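Novice: Provide a 3D model corresponding to the input given below.
(chains A, B, C and D)
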There are 2 protein chains.
Amino acid sequence: MSNLKEVAKKANVSITTVSRVINGSDKVNPKTSERVKKVMTMLDYQPNRVAQRLRTANGRSKLLGLIIPDIKNQFYSNIVRGIEDVAYGNDYAVILCNSDENPNKERFYLEVLKSESVDGIILPPILQFGEEIENIIKTGIPIICFDRKLGNKNVDTVVIDNEMGGYIATSHLIDKGHKQIAILTSSILFSSFSERQKGYERALKENGIEVDKRLIREGDPRSSDNAKLMTTKLINLDNPPTAIFATNNLMTLGAIEAINEQNLKIPEEISIIGFDDVSWAKAITPPLTVVKQPAYEMGLKAAELFFRKVEDKSSEPVEIVMEPSLIIRQSTASPPK
Amino acid sequence: MSNLKEVAKKANVSITTVSRVINGSDKVNPKTSERVKKVMTMLDYQPNRVAQRLRTANGRSKLLGLIIPDIKNQFYSNIVRGIEDVAYGNDYAVILCNSDENPNKERFYLEVLKSESVDGIILPPILQFGEEIENIIKTGIPIICFDRKLGNKNVDTVVIDNEMGGYIATSHLIDKGHKQIAILTSSILFSSFSERQKGYERALKENGIEVDKRLIREGDPRSSDNAKLMTTKLINLDNPPTAIFATNNLMTLGAIEAINEQNLKIPEEISIIGFDDVSWAKAITPPLTVVKQPAYEMGLKAAELFFRKVEDKSSEPVEIVMEPSLIIRQSTASPPK
DNA sequence: TTCATTAATGAAAACCTTTTCATTTTCTTA
DNA sequence: TAAGAAAATGAAAAGGTTTTCATTAATGAA
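Specialist: I've put the predicted structure just below:
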């Protein structure tokens, strides 16, 4: 691969001048510039980004680090698209890392990203109070959190109002006349789930419905099989729920499988409402009522926050809270008599 | 951030020695090594990967480039997981790029990856004969193709037997008694679709069924809406098909939506078979019969081919062809009288 | 024409490593 | 104890850029 030196030689200028042409910085004689450019295309020269980064660093690597828990989860892949679209529009490439909700992987990737001197890192933090994040912040690499907040730290964040999401979903079911509403949720991992649960409980209380511990099931939100199991148990309860609120899309999937397997009719015999407006929500029968998270838009916003930081290192961190919305389809109806 | 120099100073050795400790190469006195290591953790020193790469390059960047057409497509995200799992197991980070089936984006990312001097690039090539790929090959960066072949080039490849996939799907429908089988396919983009179509036509011919042009619909395989439209038209034909074979998961989604919208019962009134065993295949009613591509395994294989190349630069390129398999669920049945 | 100013260019340092080659130290063996 | 070999270490170059500072060339004013 050709380098500055070769180009400089062929164009009869110093490497400094070539560098200037590349960066369009300082003034260089139009004629010289022309000549240099010609040579560059002739040798099809591409600046070596590694060398550029080594010399420059500090926010001009055109590289954005992105850590997500699970690429297979549509919610996250939508976010990735949002981020990627903005990044590409700004000539940035994205290093995408899959953390698997595994702190060790997150740690590994944080180290890698730091030592690759990316211009910023976007992630839903798992390691809440670890020194890893602390270290990154110290280096001055901007961090943007999405989906989850970073406990005590003062960083840019874009989240959804999860409590509201839980409230909306549950209220809708209550409006339909349900009183025995189960929730598939999770205590492990993060606040998102417990907040959705909080919204669920608030809706119940506001409507004078007692919270029934039996109907609150906690499991691994990454496993639809787990949700399937939980749902099967719920259905076989003595006094089973007439509606189920699944707090993420994988759990929704498992719940639906269980219901089908038990030969219950949706929504006549049991109602179900999901979280995340996944691609297949419209395709199933009956089409699925969901609380939609504006995933793609969250991605856009997160990326915008990042570029805002790139523009102005000293900009004050902000927290953007996005609103979930209810999309009513046909998987929710009045409870059976 | 601390660097070699600081560590060397604090440990009272030269930076050469520190480097040696890091790389565990050459021999260095165990005592010295101990001391250096202590200092490294004390200053929590991390080697600067950018500098390492600049100096070293040539296959030791521990960085793997991955270009995929659409992160939102489950088929690809499964592959990504396969690749990522192997990569992480080998201490490699993955730069994931989303090409959107857009040649310009692919070009951009190829340039970026090249100039980041990644150790290898895994991709389903769009640019068949462009000089971009040629350029990469010239630099000696290993290229692994998956899902699609790289026309004339002699590179490692892992693909699925698409013709076989089309054949399996169609044969299954014929076995059920169908004679009017529509196919949703694509002529744009790549051979995968035309090969699936070839298998479809072979199955028909072998069973003495004439290929009916009316039933072959070509559209954009990235858009389920497009497939929905095509399906609606098919259903409203004078002599409509009794079964539909959708050649990828997005098209399957669109087809199902159309069928539901037209109030046809699956499989009593119309059968449908999809391509790709997506997460929601089991959750819909009735559960979807599909031709499964071993996506995750393809990812594993592709990554393995890459690491094989890393181990031995001169290893001969191979082409791995994986077998699709039929997963029979309940969306296919005998045609109505 | 001459001096002052501005425009254009270049030399060399810096970024942080790895690696080659040379030097010093330690250990063997005669 | 000396000489030779092996082990341990270090100095300096290299990798491809950007950037600072210095220098040369061109322009304008007096």
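
Novice: Please count neighbours and contacts with C-alpha atoms only from this point.
Specialist: Noted.

Novice: name the element the residue of chain A found nearest chain B belongs to?
Specialist: When scored by CA to the nearest CA, chain A has residue A:95 as its residue closest to chain B, at 4.3 Å. When elements are defined using DSSP states H and E, residue A:95 is found to belong to strand A:93-98.

Novice: angle of the helix or strand just after that strand against strand A:93-98?
Specialist: As assigned by DSSP H and E, the chain's next helix or strand after strand A:93-98 is helix A:103-115. Computed with axes from the mean of the first three to the mean of the last three CA atoms, to 10 degrees, the direction of helix A:103-115 lies at 160 degrees from that of strand A:93-98.

Novice: circling back: and the residue of chain A closest to chain B, how many neighbours?
Specialist: Per other CA atoms under 10 Å in any protein chain shown, the neighbour tally for residue A:95 reads 25.

Novice: Isn't it up against residue B:109?
Specialist: No: the pair residue A:95 / residue B:109 is not scored as a contact, 11.4 Å apart, by CA atoms under 8 Å.

Novice: Show me whatever sits in contact with both of these two.
Specialist: Both residue A:95 and residue B:109 are contacted by residue B:97, under the criterion CA atoms under 8 Å, 6 or more residues apart in numbering or on different chains.

Novice: gap between stretch A:227-240 and the chain center?
Specialist: 30 Å (CA atoms, centre = their mean, to the nearest Å).

Novice: now stretch A:133-150
Specialist: For stretch A:133-150, the distance to the chain centre is 15 Å (CA atoms, centre = their mean).

Novice: returning to what we had before: the residue of chain A closest to chain B - nearest residue in space that isn't next to it in sequence?
Specialist: Among residues not flanking residue A:95 along the chain, residue B:95 sits closest, at 4.3 Å (CA to CA, 6 or more residues apart in numbering or on different chains).

Novice: Was I right to think that neighbour contacts residue A:98?
Specialist: No: in this structure residue B:95 lies outside contact range of residue A:98 using CA under 8 Å: 10.8 Å.

Novice: Help me see whether the helix or strand of chain A with the lowest mean pLDDT makes contact with chain B, please.
Specialist: Ranking every helix and strand in chain A by mean pLDDT, DSSP states H and E puts helix A:131-139 at the bottom, with a mean of 80. Yes: contact of helix A:131-139 with chain B (CA under 8 Å from any CA of the partner chain) involves residue A:139.

Novice: Quick check: mean pLDDT of the host helix or strand of residue A:88?
Specialist: Element membership of residue A:88, judged by DSSP H and E, is helix A:74-89. Per-residue pLDDT over helix A:74-89 has a mean of 94.

Novice: Is that helix in proximity to chain B?
Specialist: Yes: applying CA under 8 Å from any CA, one finds helix A:74-89 in contact with chain B at A:74, A:77, A:78, A:80, A:81, A:84.

Novice: Helix A:103-115 and the least confident helix or strand of chain A, what's the angle between them?
Specialist: Going by the same axes, to 10 degrees, helix A:131-139 makes 20 degrees with helix A:103-115.

Novice: pretty sure residue A:196 contacts residue A:160?
Specialist: No: the criterion here is CA under 8 Å, and residue A:196 misses it with residue A:160 at 10.4 Å.

Novice: Comparing the two, which residue is more hemmed in?
Specialist: Set residue A:196 next to residue A:160 and count neighbours by other CA under 10 Å: residue A:196 wins out with 28 against 21.

Novice: ok, now how distant is that one from residue A:161?
Specialist: Going from residue A:196 to residue A:161 by CA to CA, to the nearest Å gives 9 Å.

Novice: Now do the contacts for residue A:119.
Specialist: Counting by CA under 8 Å, 6+ apart, residue A:119 has contacts A:57, A:58, A:59, A:60, A:61, A:62, A:63, A:64, A:65, A:141, A:142, A:310.

Novice: one more time with 6 Å
Specialist: A:59, A:61, A:63, A:64 (CA atoms under 6 Å, 6 or more residues apart in numbering or on different chains).
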